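**Q** what follows is a predicted structure for the sequence shown.
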Amino acid sequence: MSQIMIGDLIPETQLLDSGHLACPGCAAPLAMEMVLKALGPDTIVVLPACCWSIVAGPWPQSSLRVPLYHTAFETGAAVASGIRAALAQRGDHDTNVLAWAGDGGTFDIGLQALSGAAERNEDIIYVCYDNEAYMNTGVQRSSATPWGAWTTTTPAEHPENHPKKDIMAILAAHRIPYAATASVSYPVDLLEKLEKAKSVRGMRFLHILSPCPPGWKTPSESSIRLGRMAVQSKVFPMMEVENGAEWRFTMDHAGDPVEPYIRAQGRFRHLPPEAIRGIQGEVDARWEILEKRVRHGT
Amino acid sequence: MKKVMMGNHAVSWGVSLARAEVVSAYPITPQTQIVEELSEMCSDGRLDARFIKVESEHSAMAACIGASATGARTFTATSSQGLALMHEVLHWAAGGRLPIVMADINRAMAPGWNIWTDQNDSLSQRDTGWIQLYCETNQEVLDTTVQAFKLAEAVDLPVMLILDAFFLSHTSEPVDVPDQDAVDRFLPPRQARFKLDTQDPHAFGALVRPDAYMEMRWHQHQAMDLARTTLDEIAEEWNGEFGRNWPAVESYRAADAELILVTSGTITSTARHVVDQRRDRGERVGLVKVKMFRPFPTDVLRKVLAGPRRVAVLDRNISPGHGGIFAEEIRSALYDLPLDDRPLLFGYVLGLGGRDVTPAVIDDIIEQTRVGARAEREDLWVGVNP
Amino acid sequence: MPESRETKARDIPAVAVSQTSTRVNKTGSWKYIRPRYRDRVAPCNARCPVGIDVEGYMNLVREGRIWEAEDLLLRENPMPAITGRVCDHPCEEACNRQGFDEPVAIHGVERYLGDLILEQPLPDHFKPWRTERIALVGSGPAGLACAYHLNRLGYGVTVFESDAQAGGMLRQGIPGYRLPRTVLDRQIEWFEAQGIEIRCGEGIGDGVDWESLSEFAAVFLATGAHSSRAAGMVDEEGPGVRPGLEFLRDVNRGQIPILGLRVAVIGGGNTAMDCARTARRLGSEVTVVYRRTRAEMPAIAAEIEEAEREGVTFRFLAAPRAALRENGVLTGIACTPMELGPPDDSGRRRPIPSETEQEFLLELDSVLTAIGETPDLGFLPDPLKPRWGTFEVGPLNAVTGESPDLDTAEGPLSGPTMVFAGGDVAEQPRTVAHALGAGKRAALGIDRALHVARGRAPEDWDPAGFTFGPEGNVSITQYRRDDPIRREDPLNEVVEAEDLNPEHFQKVPRHSDWHLRPDDALQDFSEANRGLLPDQALEEAQRCFNCGVCNGCELCLIYCPDFAISRRADGGFTIDMDYCKGCGICAEECPRGAIVMTQEGV
């Protein structure tokens, strides 16, 4: 079939309300809604500090129709572990426990708790929605910020000079049952990954790229397109890892040049052509590593 | 059933009797035996609970928060550096009104490394919103552990029960272990007022703006006030059931005393011994044991300390730049007594980092207090030669 | 949020537990532009001379609503089984899909639906409710289309046909291997069943007087172009050289003309291809001689390809100069080699004699000329005859310009006074599709004129309101305002490829028609192109982008970060402006350009 009648493929359940406080064009509410669509109403969400702490609405509001626990920045995986233990102690092994953290809460301050939960193989689903900087505090760099990007702590004269942390490899090294990248630009792929995640017990990790119009300095309507470009240029490949060893690409990647993706974002505006060639080289090199992982496992 | 056990194991037995459902902990000397024993109990089935072996104290408390927010009776234990690491999430537990119970083994803070007792770790957490209960004996430890859950769940506040490193944690004493059925009657399963429930979904802990934040803190403070009377009721009920009374403040031979020692933790037992000796010699010396530090038992202390007498406060802690913390709090509590009723108060900083506080040390303190010309605003450092 | 001074602390909960949804925040107030669903015009619709809602019936087929698709198609096109076979389908050239992979095989879906229609029992008689009757002269596609639409508009219609059988050029010009007679006969039967009276063997001036037509309220002239133009060769008149159309007419009537082995067809249009392929079927070796190159050939590309497959050879850049005969028997033609000069009025490069190449000879037994046909309007009263051979007509095909001067010196011309013309007698491209479009336009024109005559409609009246796009192809559905398709705030603007978001489509190869093997095809006149299998036709409908028209794919709903979009009961979507922040993702992601961002109403 040539037309994706996507409506037929996506559950109608809506678990996230309008009136949330995300910026126009933010991909993070979409990511949450798609994940909750897949998980359903029997889900408890743990929310360490991140943009979503605002998106969820101030007291006495909640934009979620499922229980939500706001918690400290570095505690997402640990609080989720406690919730899972309490549920399990009362015989509830069905309710999904979803830790929902940004890149700061995952790559940086929350990494220790995440590693602990991953190593213990806690029966939780941990989603990192990654907007590639501390956006809620006003765009400061994180270890998920890509090389070359402007942030308020990596000004254009001295942009980010470290490559993005390979969080998937870190999680894979914990030998967790399931880890995957996903994108709101590919909702069906995202839903399939969550179905897969739901079908196994233990620690499941999802890394969702979440374009951020104010932080990336991009027009609000472009978020979905940018997500696609990130995937198709292999900047953010769609893949999954089972048991830390079996790596797979979950779709074909066109291998488009990175330049249009980079040039579409104001945060890279200062980069000269040779820097973009450098990014292309880095993406190509990383792709080779990924292909090796897919061929040989880790 | 009488058993000989260490203070740490008295905690474990208390937790077991209280039927905690989720335990989350990280090892640190001198607390480790508590969770080792709980781990054993969980694995051999004596305790039906989930044990989460987290990677840090911060996560230990975070996991407790998650479990408690889901309605489970939750416990952890720590000490010193570990407690300090938890600091942020202690606020989260208290502000979230989660009745978590935690044992803190009083251990000095580094540097330099020191594993022996003093109270600076727990007192540093004074303003986190946790109820703090300091114990004197292993029996009190076990009994207080069970009571702590009842108190916490009655007022929706977390409770820290505190015992001295080694002097209590690793010291064996005979302990009367109450009957499980009796404990079950005393402490029924937890009924959470709020919890994470997919049948009744709510968000907890969202942004609260200035127009309501203060009211929530006011509620927390009200609950602390309530905890004073609630602890009295619980102690009374326990006394009726099990014949042991552990009040928030114990006044020992102090009613007619010209000189009162004020203590907390294991120093109390040494002081009790000295008081008995002095009384045998006809001296009007008494003892006031402060068990509850938060909420601060202001009214009781004013009652038992008021009068034309001298008071020596023994602080195994120091607030650098100010002084002994109990002494400062008691001075403040007594300040607005009429001048005639205001006792002369002497503060003594002693026993830091596990330095022994012997009967001889307390005898010296009594003598110094007796001859002191006026209330020394500056606390005296006992045993330190400037 | 209550003010603390007025609120009792006890009314605020002890913990920050939620009590309400974020729906209390009308975040729609943040926006400065807003999305709006606006159905626009698919390029296939805009390009279709028949005025078919191609996108509309494709969408209905995709949804499995075949009966509704047939109905929608029949509203505009009286003979989809025929156009599905013989139309050159400009819609496919316009198809936005061609920049993506390949155009949708629209003709295959049309043919599939057309055949389904003809396989069903004949339609009920369409009883006219208007008193006026209309005369149609000529039963080719233009006449039949006009009759069909007038009939459906409530008029009694009579079609006069000079030939013994109805169909006009469909029957006389188009060979049976392209349009099987069974299909044509069934189609005629279908029209007659619906209530169209066709009187064969009754040509005007040949049994019926022009004056006698005055009993009709209006007349539509659609007698076609049946006189072949001469190729302009020296000694063209004579044995061995004959007009191709005449040859086709003979074959189509069942005769088997003697051509000899070596045959040349002169011309590059569809008649030339029909002649060439027909001659092949009669056993001849055929060479098509054309003055320009393949790129300039006006014939349908598929026809050229099929001719090639069937063994027809081509001599391009060759202009026949003279017919050569020995003893009165044709031996061949002398051809002048040509080259392409600057473009002429038609935009094609004009052929000019080559300065370098030498004249050459083709040895032949027969020559068929097919370089164009002209109408034969000798039957008309002189004042009505167009000066330049074809009628100039208005937008709705009323005869205008210099042609009609009904007030002659001898007084008013007797006979009908309301005259319309269309098809090959008018100045318009000579395709079946254009003929059908002309018939429809004339039907609307006649209906409109009669309304004006009845005083029921204003005289100044703009037909733009019922056209698809800028090319003036009219939609009778829009004219009648009884569109069965729900249109969302329609905008008569054609959707270009750059308005679409191709990311949401997958590349799927176009299904090809199934052709008889050339060896088999040349055995007789059975249909050479068997079209698509039913499943293939359905899959082609799935390939349609539905340009400019919301087809309910729900991408907007799924990608709205503010969940402001919801389904309406009628299948469309509503945007809750209380929550739409105006981010523009819906418009950006809409695969088919059916949402626009606007500052209106913000």
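**A** Received the coordinates, thanks. All values reported here derive from a predicted model rather than from experimental measurement.

**Q** next, count neighbours for residue 297.
**A** Here I'm looking at chain A. 14 (other Cβ atoms under 10 Å in any protein chain shown). In this view, the C-beta of every residue, glycine as well, is placed from N, C-alpha and C.

**Q** chain C was what I was after
**A** Residue C:297 has 22 neighbours, counted by other Cβ under 10 Å.

**Q** just residue A:99 next, same as before
**A** Residues lying near residue A:99 (other Cβ under 10 Å) number 34.

**Q** in the sheet, who's paired with it?
**A** Beta-bridge pairing of residue A:99 under DSSP bridges involves residue A:46, residue A:126.

**Q** what residues sit buried inside the strand or helix carrying residue C:441?
**A** Assigned by DSSP states H and E, residue C:441 falls within helix C:432-453. Residues of helix C:432-453 classed as buried by neighbour count (16 or more other Cβ atoms under 10 Å in any protein chain shown): C:432-450.

**Q** now swap in stretch C:27-46 and tell me
**A** C:27-28, C:30-31, C:33-46.

**Q** looking at those, which are in helices?
**A** Under the assignment DSSP state H, the buried residues of stretch C:27-46 contribute C:43, C:44, C:45, C:46 to helices.

**Q** can you pull the contacts of the third one?
**A** If a contact means Cβ atoms under 8 Å, 6 or more residues apart in numbering or on different chains, then residue C:45 has C:51, C:52, C:53, C:54, C:55, C:56, C:91, C:468, C:469, C:473 as its contacts.

**Q** what pLDDT does it get?
**A** If you check residue C:45, the pLDDT there is 94.

**Q** partners of the nearest residue to it once chain neighbours are set aside in the sheet?
**A** Nearest residue to residue C:45, sequence neighbours excluded (Cβ to Cβ, 6 or more residues apart in numbering or on different chains): residue C:468, at 4.2 Å. For residue C:468, the beta-bridge partners are residue C:473 (DSSP bridges).

**Q** ok, residue C:468 touching residue C:50?
**A** No - counting by Cβ atoms under 8 Å, residue C:468 stays clear of residue C:50, with 10.3 Å between them.

**Q** so for these two, which sits in the more crowded spot?
**A** Using other Cβ under 10 Å, the more surrounded residue of residue C:468 and residue C:50 is residue C:50, with 31 against 26.

**Q** wasn't that one part of a helix?
**A** No - counting by DSSP: H, G, I helix; E, B strand; the rest coil, residue C:50 is located in no helix; its state is coil.

**Q** which helix or strand contains the residue of the stretch 101-250 of chain C at minimum distance from chain B?
**A** Relative to chain B, the nearest point of the stretch 101-250 of chain C is residue C:101 (46.4 Å; Cβ to the nearest Cβ). Using DSSP H and E, residue C:101 sits in no helix or strand.

**Q** state the distance from the residue nearest to it when sequence neighbours are not counted to chain B.
**A** Excluding its sequence neighbours, the residue lying closest to residue C:101 (Cβ to Cβ, 6+ apart) is residue C:507, at 4.6 Å. Separation of residue C:507 from chain B (Cβ to the nearest Cβ, to the nearest Å) stands at 43 Å.

**Q** hang on, residue C:507 packs against residue C:99?
**A** No - look at residue C:507 against residue C:99 with Cβ under 8 Å: they stay out of range, at 11.8 Å.

**Q** in chain A, where is pLDDT below threshold?
**A** For chain A, the stretches with pLDDT under 70 are A:1-5.

**Q** which residue of it sits farthest from its center?
**A** residue A:90 (30.9 Å; Cα atoms, centre = their mean).

**Q** follow-up on the earlier one: so of the buried residues of stretch C:27-46, which ones are in strands?
**A** Under the assignment DSSP state E, the buried residues of stretch C:27-46 contribute C:34, C:35, C:36, C:37 to strands.

**Q** check contacts around the first one.
**A** Contacts for residue C:34 (Cβ under 8 Å, 6+ apart) come out as C:575, C:577, C:580, C:582, C:597, C:598, C:599, C:600, C:601, C:602.

**Q** so for the fourth one, what's the nearest residue that isn't a sequence neighbour?
**A** Translated: residue C:582. residue C:31 (2.8 Å).

**Q** tell me the pLDDT of that neighbour.
**A** Residue C:31 is given a pLDDT of 96.

**Q** would you confirm that it contacts residue C:578?
**A** No - Residue C:31 is beyond contact range of residue C:578, at 10.6 Å (criterion: Cβ under 8 Å).

**Q** which SS state does residue B:46 fall under?
**A** coil.

**Q** gap between the closest residue to chain B within the stretch 1-150 of chain A and residue B:51?
**A** For the stretch 1-150 of chain A, the residue closest to chain B is residue A:82, as judged by Cβ to the nearest Cβ, at 2.7 Å. According to Cβ to Cβ, to the nearest Å, residue A:82 and residue B:51 sit 12 Å apart.

**Q** shared neighbours of those two, anything?
**A** Joint contacts of residue A:82 and residue B:51 (Cβ under 8 Å, 6+ apart) are B:22, B:24.

**Q** which one of the two has more residues nearby?
**A** residue A:82 (35 against 19).

**Q** that one touches residue B:67, doesn't it?
**A** Yes - if you go by Cβ under 8 Å, residue A:82 and residue B:67 touch, sitting 3.8 Å apart.

**Q** so what sits against both of the two?
**A** B:22, B:24, B:52, B:74.

**Q** what is the burial count for the first one?
**A** Burial of residue B:22 is recorded as 29 neighbouring residues (other Cβ under 10 Å).

**Q** one more: residue C:555?
**A** Neighbours of residue C:555 using other Cβ under 10 Å come to 25.

**Q** now swap in the one 5 residues further on and tell me
**A** A count of neighbours around residue C:560, defined by other Cβ under 10 Å, yields 26.

**Q** and the gap between it and residue C:42?
**A** 24 Å.

**Q** confidence score at residue B:377?
**A** Per-residue confidence (pLDDT) for residue B:377: 68.

**Q** for residue C:462, that is, sorry about that
**A** Looking at residue C:462, the pLDDT reads 69.
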